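Undergrad: Provide a 3D model corresponding to the input given below.
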Amino acid sequence: MPTAHLHAVPAAETRLVELYAEAPLPTKHGLFRTLVFREKGTEKEHVVALKGDLRGHEGVPVRVHSECLTSEILGSLKCDCRDQLEHALDLVGRADRGALIYLRQEGRGIGLGNKIRAYELQSRGADTYEANRQLGFQDDLRRYDVAADILKHLGPSSIDLITNNPLKIEGLESEGIAVRRRIPSAASFNPHNIGYLRTKRERTGHLIELEKSTA
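TA: Numbering: from 1, shown residues only. Have a look, this model is predicted:
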């Protein structure tokens, strides 16, 4: 196991994850320090793109982002995940300090295979939540305790969360993370995802402004 630059923290702050590796990473959004956290008891490795030192600072811009292979790798137009990811990296890259936490919980927590099965049901008329239920899943199985544990390791006093999802704010606050304010996350619209975005707004209260792009 590599040990260079690994920062030890009290065990109580790493109940779910442990820092395994870190290294500088130049990107089109600037130079980040990339940290890999291993989730204890699982095979999952979560990634942080870190800018500067967060410890003790107020209002640090942070994006907690769940993986979406279909949009981020294959360029799917069915969602806005890739655009939100790029927007957040750009915001953090231009800030003095900040972080993007990339969680390995594909398909709102149901996994890639089940996500594709849900897409097939959606092609037959089910919306994104109905498809999950038809497969026997809840609407959203994502967890934010792991992200909270990573933030406790990084040590900001409070964060400005880049999100349109009020449930994400509630999830982090319930784990002891102080969210000072919300920074709207950029959402892109096209004929393939407009219904999906409307459903998210209506079913789970996502703070997405659709009218400006659909008027």
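Undergrad: CA atoms for contacts and neighbours, from now on please.
TA: Fine.
Undergrad: so how far is E106 from G98?
TA: Using CA to CA, to the nearest Å, one obtains 23 Å as the distance from G98 to E106.
Undergrad: repeat for A187
TA: Taking CA to CA, one finds A187 at 19 Å from E106.
Undergrad: Comparing G98 and E106, which residue is more hemmed in?
TA: G98 (28 against 19; other CA atoms under 10 Å).
Undergrad: Who does that one form a beta bridge with?
TA: Beta-bridge partners recorded for G98 (DSSP bridges): K51.
Undergrad: With V17 as the reference, measure out to it.
TA: Computed as CA to CA, the G98 to V17 distance reads 20 Å.
Undergrad: T128 now?
TA: 30 Å.
Undergrad: Within its sheet, name the partner strands of whatever helix or strand A23 lives in and how each one runs.
TA: According to DSSP states H and E, A23 maps onto strand 17-27. Using DSSP bridges, the strands paired with strand 17-27 are strand 30-39 (antiparallel).
Undergrad: and the partner strand, average pLDDT?
TA: The average pLDDT within strand 30-39 is 96.
Undergrad: how about R104, what does it touch?
TA: If you count contacts by CA atoms under 8 Å, 6 or more residues apart in numbering, R104 has them with 44-46, 66-67.
Undergrad: go again using 6 Å as the cut-off
TA: Applying CA atoms under 6 Å, 6 or more residues apart in numbering to R104 gives the contacts 46, 67.
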